[in-house]
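Student: Generate coordinates for the sequence data below:
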Amino acid sequence: MDNKMMTIMMDDGTQEKVEILVCFEFDDTKKEYIVYTKNETDASGNITVYVSRVNRENGTPKLDAIENDEEWTKIKDVLRELSKSDK
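Tutor: The predicted model follows:
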């Protein structure tokens, strides 16, 4: 399987290459999300993943923070389902 990579612009103006794990959109809100990693590991050896909402309002996609707990709950449900399908 080929790794899908993209470059993201950080708040401080630096750029980082990240690996895209999955993209999805909720039918009810039409909000689009991306799950990606920098292939960093935490103290337990787990790979750290990041989730952002994709904002395409001004033409160039921008990654926005997740806004609220309800949004996070829906995202975690999707990630749980995806992890079940990988087993």
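
Student: Contact partners for the residue nearest in space to the middle of the chain?
Tutor: In the chain, the residue lying closest to the centroid (C-alpha atoms, centre = their mean) is residue 35, at 2.2 Å. Neighbour list for residue 35: 20-23, 49-51, 79 [criterion: C-beta atoms under 8 Å, 6 or more residues apart in numbering]. For the C-beta atoms, the positions are set from N, CA and C on the backbone; glycine is no exception.

Student: do the same with residue 74
Tutor: residue 26.

Student: Kindly confirm my reading that it is in a helix.
Tutor: Yes - assigned with DSSP: H, G, I helix; E, B strand; the rest coil, residue 74 falls within a helix.

Student: Now do the same for it: its pLDDT.
Tutor: pLDDT for residue 74: 94.

Student: now swap in residue 1 and tell me
Tutor: pLDDT, read off for residue 1, is 52.

Student: Spatially nearest residue to residue 50, not counting backbone neighbours?
Tutor: residue 36 (5.5 Å; C-beta to C-beta, 6 or more residues apart in numbering).

Student: host element of the one you found?
Tutor: strand 32-41 (DSSP states H and E).

Student: Can you give the strand pairings for that strand, parallel or anti for each?
Tutor: Note on strand 32-41: by DSSP bridges, its sheet partners are strand 15-25 (antiparallel), strand 47-55 (antiparallel).

Student: buried residues in it?
Tutor: For strand 32-41, burial by neighbour count (16 or more other C-beta atoms under 10 Å) applies to 33-36.

Student: Quick check: residue 3 touching residue 18?
Tutor: No - taking contacts as C-beta atoms under 8 Å, residue 3 lies outside contact range of residue 18: 10.2 Å.
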